[in-house]
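Visitor: Whatever this is, show me its structure:
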Amino acid sequence: MDFDGNLRRIRKSLLQAKEGNAKYRLGPELEMCGYGCEDHFLEPDTETHAWEILAQLIVEGLTDDMLCDFGIMATHHGARFNCRVFVLNGNVLLIRPKSILAGEGNYREGRYFAAWPAHRPEEEFVLPKCILDVSSDGRKTVPIGLLALRLNDATLAAETCEELFAPRAPHRNLALAGVDLITNGSGSHHCLRKLDRRLELIRSATKTGGGVYLYANQRGCDGGRLYYDGCSCVVVNGELVAQGKQFDVKEVEVVHAVVNLDAVLAYRGSMASMREQSAMQAIEFQPPRFVPVDFSICMDENVQTVHSPTEGIVPRIHRVEEEIALGPACWLWDYLRRSGARGFLLPLSGGADSSAVATIVYSMARKVAEEVRDNPKGLVAKDLARILRCEDVHVPSTAQEITGELLNTVYLATEHSSNETKDRASRLANQIGAKHLVSWIDKAVQAVLAIAEMTCGGQKPRFRSQGGSATENAALQNVQARLRMVVAFLLAQLLPWARGEKGGFLLVLGSANVDECLRGYLTKYDCSSADINPIGGISKTDLRRFLRWASLPGGLDLPVLGEVEAAPPTAELEPLDEDGAIKQTDEEDMGMTYQELSAYGRLRSLARAGPVSMFETVYRAWKGITPREAASKVKHFFRYYAINRHKATTLTPAYHAEDYSPEDHRFDHRPFLYEINWKWQFRIMDQKVSKIERVMKEQY
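Guide: Sure, this is the predicted structure:
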């Protein structure tokens, strides 16, 4: 919905493409309005403004002498389509609507758009008035449909994002129809360990059928939980020849490549199966109609002598620890610079989760510092100066300086806090350069408990270790956790004022991981409640890997993180032992390990396993476990999942990094009121356990 920003970014990409002598420019999906508009797609204004951007680009002459392929929305005969629009020399050539919509997980394209049926014939699309006013050829209509372009020296056709992933992807038939260049403007978001799968699909698209495949993806936060992770690329006959960055704080990146179309012809001609199936195309499938365009995309012979085809490269795939360091960091930067906030406030407990969040902010500062040093007058430097209200003075340029300006950490201590966690929090803040505070909240806890005692007829709750019930123990822990949230938001409002800064507020960062959210091992409206959460889609197992990596010189060189990772996770909400040591641990409280919890999450979401299916998988796959033990573990998980599912409805907006996220608002749509004992399912499970035990007894 940032139409001024969209125009600026598209204009910049076109200028950079022209500077690189490009003959063809491909942009990402729905770039005119943004892919993440969601229900704003239903507003006619959104479509109107998108076409107005295109009109402005035409007026500025940015489509002259370069074939431009833009992502836009278009309404035709009452139906709204997600489209590619091809423009050359100020004139619209054709509109290619998307034929396969993304409708799973985070995607809801069917809510906003219609899919163009594969066998629907081409039709005439009436151009908006703003385009008619600026185009030079006087045409009022252009073809719309699953068409291709026949240039003077090459053929080109498009598919869009989801179509690449479909079982019968359009590129298969386009290759058989002899299309030289197959393009894909995409809106694909980051997910841990996903990039290699995406690149393999892109490479296989031309490895089997030959051709040039050009892929352009959004990069950055588009106003929601997703980070679109770029990595635009060019592949020739299955070989990667150009690849953009997956994560960056820069707004625009243009990936260039020089390709040899004769190599495509030779590659296809060498495959007997390709020749045979291509010859049968008119019988087995309907090839696209080619729209003739009087434009040459290839260099003339004089220029060719000084430009060699771009050579193949090895794909750059980040290790998962690097993905955690970079993806959420770039998402945080986009959120910060667009939110109007002065920085972040993080309740830093000295434990793994909050330490991981602090480290991600430091990683963000490293990316910003790198860009500020490389381009001190660029947009990132200007954004940083604007955030810090220091346009006319020194703008910090080192990671520690930037972290010190943007990140405020606070250790929210009670009588149950240990010296170990307090010390780790202080040392981590010092190593990354954050402003660090210690705030004792015991008086607030005592005041609230005094109110409860007075209201409950003088009864005073006790911890379990002091002889109290489970209800008392939970209430005493929850009041501490919730007051930490209250104090965090209070400090986020007051700290800039207390320091005499020029207005502004701080964004409160949450630090609940995806496994704890799934199990419900968090207090509703505690420090898991924040403005945004960069690790809410990341598993505890991956976070610990990240901390180990970040502690080393080859990572982020923050030694204290090695101690953080090695310490048993604890909420520190129950009394310490007589020696001041921690007695409470998270895994003991949950009744399961984080490794088990991660496995349950993947089975529940990715394998679509209900209680019975999960029991069968756990029993078969986990070594050294009896059927009764497997059933007990699965029952325990589903019972607490059902009890705590309501907490998912209030989860802080979190960076999406895992496809087993329990995020209730946009991704994991399930009830939040359950029969917690799963009577039917658990009864079937018990019957299966008895049957297995009976068979085992008979065999042995």
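Visitor: gap between Q246 and N6?
Guide: Using Cβ to Cβ, to the nearest Å, Q246 is found at 21 Å from N6. Where you see a C-beta, it was placed from the backbone N, CA and C, and this is true even at glycine.
Visitor: Looking at these two now, which is surrounded by more residues?
Guide: Comparing Q246 with N6 by neighbour count (other Cβ atoms under 10 Å), the higher total belongs to Q246, at 22 against 18.
Visitor: Can you tell me how far the more buried one is from Y525?
Guide: 35 Å.
Visitor: what's the neighbour count on K98?
Guide: Number of residues near K98 (other Cβ under 10 Å) recorded here: 26.
Visitor: Next: T398.
Guide: The number of residues near T398, taken as other Cβ under 10 Å, comes to 14.
Visitor: Next, the nearest residue to it once chain neighbours are set aside: secondary structure please.
Guide: Once flanking residues are discounted, T398 sits nearest to A369: 5.6 Å by Cβ to Cβ, 6 or more residues apart in numbering. Using DSSP: H, G, I helix; E, B strand; the rest coil, the structure places A369 in helix.
Visitor: my guess is A369 contacts S397, does it?
Guide: Yes - A369 is in contact with S397 according to Cβ atoms under 8 Å; the separation is 5.8 Å.
Visitor: The two: who's more crowded?
Guide: Per other Cβ under 10 Å, whichever of A369 and S397 has more neighbours is A369, with 21 against 16.
Visitor: check contacts around the more buried one.
Guide: With contact taken as Cβ atoms under 8 Å, 6 or more residues apart in numbering, A369 is in contact with P396, S397, T398, A399, E401, I402.
Visitor: again, only this time at 7 Å
Guide: With contacts defined as Cβ atoms under 7 Å, 6 or more residues apart in numbering, A369 is in contact with S397, T398, A399, I402.
Visitor: Return the subset of these lying in helices.
Guide: The helices, defined by DSSP state H, take in A399, I402 from the contacts of A369.
Visitor: For the contacts of A369, give me TSV that also has pLDDT and distance to C130.
Guide: Shown next, in TSV, are the contacts of A369 (pLDDT from 0 to 100; distance: Cβ to Cβ, whole Å):
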residue	pLDDT	distance to C130
S397	81	43
T398	92	47
A399	95	45
I402	96	42
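Visitor: And the furthest pair within the contacts of A369?
Guide: S397 and A399 (9.1 Å; Cβ to Cβ).
Visitor: in a strand, that's where V410 is, yeah?
Guide: Yes - looking at V410 with three-state DSSP, it is inside a strand.
Visitor: can I assume it is in contact with S349?
Guide: No - between V410 and S349 there is no contact under Cβ atoms under 7 Å: 9.9 Å.
Visitor: which neighbours do those two share?
Guide: Listed contacts common to V410 and S349 are nil; contacts here mean Cβ under 7 Å, 6+ apart.
Visitor: who are the neighbours in contact with L346?
Guide: Contact analysis of L346 by Cβ under 7 Å, 6+ apart lists S354, V357, A358, L407, T409, L509.
Visitor: Show the buried residues in those.
Guide: For the contacts of L346, a burial check counting by 16 or more other Cβ atoms under 10 Å picks out S354, V357, A358, L407, T409, L509.
Visitor: Take those and lay them out in a markdown table including pLDDT and distance to K540.
Guide: Output for these, formatted as a markdown table (pLDDT from 0 to 100; distance: Cβ to Cβ, whole Å):
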| residue | pLDDT | distance to K540 |
| --- | --- | --- |
| S354 | 95 | 13 |
| V357 | 98 | 13 |
| A358 | 98 | 16 |
| L407 | 98 | 23 |
| T409 | 98 | 21 |
| L509 | 97 | 18 |
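Visitor: Closest to A630 out of these?
Guide: Nearest member of the buried ones among the contacts of L346 to A630, counting by Cβ to Cβ, is S354, at 33.7 Å.
Visitor: Confirm that that closest one sits in a helix.
Guide: Yes - S354: assigned to a helix according to three-state DSSP.
Visitor: so it touches F344, yeah?
Guide: No - at 11.9 Å, S354 does not count as touching F344 under the criterion of Cβ under 7 Å.
Visitor: ok so, going back, farthest pair in the buried ones among the contacts of L346?
Guide: The most widely separated members of the buried ones among the contacts of L346, counting by Cβ to Cβ, are S354 and L407 (11.8 Å).
Visitor: Put the alpha carbons of stretch 153-172 into CSV.
Guide: Only the C-alpha atoms of stretch 153-172 are listed here, as CSV (Å, rounded to 0.1, in the frame of the first residue of the first chain):
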residue,chain,number,x,y,z
ASP,A,153,14.8,-12.9,-32.4
ALA,A,154,13.3,-14.9,-29.5
THR,A,155,10.1,-16.1,-27.8
LEU,A,156,9.1,-15.3,-24.2
ALA,A,157,6.3,-16.4,-21.9
ALA,A,158,5.5,-16.0,-18.2
GLU,A,159,4.4,-18.1,-15.3
THR,A,160,3.8,-16.6,-11.9
CYS,A,161,5.0,-17.9,-8.5
GLU,A,162,2.7,-20.8,-7.5
GLU,A,163,2.6,-22.0,-11.1
LEU,A,164,6.2,-23.1,-10.8
PHE,A,165,5.3,-25.4,-7.8
ALA,A,166,2.3,-27.0,-9.5
PRO,A,167,2.3,-30.7,-10.6
ARG,A,168,1.5,-29.6,-14.2
ALA,A,169,3.5,-26.4,-14.3
PRO,A,170,3.0,-24.2,-17.3
HIS,A,171,6.8,-24.2,-18.1
ARG,A,172,6.6,-27.8,-19.2
